[in-house]
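K.L.:
Okay, here's the prediction I keep looking at, along with the sequence it came from:
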Amino acid sequence: MLRRLFALVCLILLGAARDPILVPEVSQHEVQVRQGFTGTELLLYGAILDPQGTRAGRDYDIVVVLKGPTQSITLREKQKHAGIWVNAASARFRSAPSFYAVASSRPLDRIVDPRTAAIYELGLPFLQLSPIGSFQTEEQIRFAAGLVQLMTNQKLYQEDPTGVTVNEQVLYQARIKLPSNVQTGTYTAETFAVSRGSVVASAIARVEVKKRGFERIVAEFAQRSSFIYGLLAVAVSVAMGWIAGRLLTRT
């Protein structure tokens, strides 16, 4: 009995030792948002190695997920009454990613099953948005799908089923575009190695998206003194309206 137990432990240890090691890297660890920023493209790349630091020597599926800071989002449904669009039902989500992009070496449904995809949030249908309040299942699904579609239309949610290329069973790379309307903050670039439907390794790199120049000064002032910033914004709007009115009366 002891021999069998010892053999089992050895097999488990040997199996764990064969798990690959991921060495991820990002082309830019800091993205600067300045006036006229039109977006940028990030190259997420790395190597798949065995515990001895040599090539893994096996074909692994690679999934790369770039996720932005989470935020609370309220989604309102519009309905038309008497020719006027008004707010109807609404839903609030506690932890919706401000940005989410996933790229994989093959379509995700051919790499992992729905349970594994839900655990690691691999794919847009498996995002954990954390709805607030009590909803019927159908209503929750409808609002979640509406939020995903809205963010997808703004290019803030992306999915590329063949966006990862793997060369010589060692090097992998994926390109992900950040649009001009990205939120500032810390972004996590997480890489998953998948074998036979199971995630066998993962590693994380980070990217900072920061505002620079005049945009940074305005953003910091708005956060520190939101009330004064609001008053100034109203004052500027009134002043611009008054100036426009004066110019029109002269013409």
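P.N.:
In hand now; what should we look at?
K.L.:
Can you check my assumption that residue 129 lies in a helix?
P.N.:
No - applying DSSP: H, G, I helix; E, B strand; the rest coil, one finds residue 129 to be coil, outside a helix.
K.L.:
So which bits of the helix or strand hosting residue 77 are buried?
P.N.:
Under the criterion of DSSP states H and E, residue 77 resides in strand 70-81. For strand 70-81, the neighbour count (16 or more other CB atoms under 10 Å) marks 70, 73, 75 as buried. (Glycine included, C-beta is placed from N, CA and C.)
K.L.:
Same question for stretch 176-190.
P.N.:
176, 178, 182, 184, 187, 189-190.
K.L.:
how about CSV for the residues you listed, with pLDDT and distance to residue 114 added?
P.N.:
Output for the buried residues of stretch 176-190, formatted as CSV (pLDDT from 0 to 100; distance: CB to CB, whole Å):
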residue, pLDDT, distance to residue 114
176, 97, 24
178, 96, 29
182, 94, 29
184, 93, 33
187, 97, 26
189, 96, 24
190, 96, 19
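K.L.:
Just the residues you listed: which are in strands?
P.N.:
Mapping the buried residues of stretch 176-190 onto strands (DSSP state E) picks out 176, 178, 187, 189-190.
K.L.:
for the strand holding residue 77, packing partners?
P.N.:
If you count contacts as 3 or more CB pairs under 8 Å, 6 or more residues apart in numbering; DSSP states H and E, strand 70-81 packs onto strand 84-97, helix 137-153.
K.L.:
which is the next helix or strand following the first one?
P.N.:
This points to strand 84-97. strand 100-104.
K.L.:
angle of that next one against strand 70-81?
P.N.:
Per axes from the mean of the first three to the mean of the last three CA atoms, to 10 degrees, the angle that strand 100-104 makes with strand 70-81 is 110 degrees.
K.L.:
begin at 869 from here
P.N.:
Noted, 869 is the first residue going forward, which turns the last one into strand 968-972.
K.L.:
following strand 968-972, which helix or strand shows up next?
P.N.:
helix 982-988.
K.L.:
partners of the following helix or strand past that following helix in the sheet?
P.N.:
Counting by DSSP H and E, the element after helix 982-988 in chain order, helix or strand, is strand 999-1000. When pairing is defined by DSSP bridges, strand 999-1000 lines up against strand 952-965 (antiparallel).
K.L.:
neighbours of residue 1008, just the number please.
P.N.:
The local packing of residue 1008 (other CB atoms under 10 Å) involves 16 other residues.
K.L.:
I'd say it and residue 959 touch.
P.N.:
Yes - contact criterion CB atoms under 8 Å: residue 1008 and residue 959 qualify, at 7.3 Å.
K.L.:
Look at stretch 1031-1050 and report the distance between its end residues.
P.N.:
20 Å (CA to CA, to the nearest Å).
K.L.:
same question, stretch 1038-1052
P.N.:
Using CA to CA, the two ends of stretch 1038-1052 sit 33 Å apart.
K.L.:
will you turn the ones in strands among the buried residues of stretch 1044-1058 into a markdown table that also has distance to residue 1012?
P.N.:
Listed next are those as a markdown table, based on distance: CB to CB, whole Å:
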| residue | distance to residue 1012 |
| --- | --- |
| 1044 | 23 |
| 1046 | 24 |
| 1055 | 22 |
| 1057 | 24 |
| 1058 | 22 |
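K.L.:
Max pairwise distance over these: which two?
P.N.:
Checking those against each other with CB to CB, the farthest-apart pair comes out as 1046 and 1058, at 16.2 Å.
K.L.:
what about residue 1072, how many neighbours?
P.N.:
11.
K.L.:
what sits against it?
P.N.:
Applying CB atoms under 8 Å, 6 or more residues apart in numbering to residue 1072 gives the contacts 892, 1056-1059.
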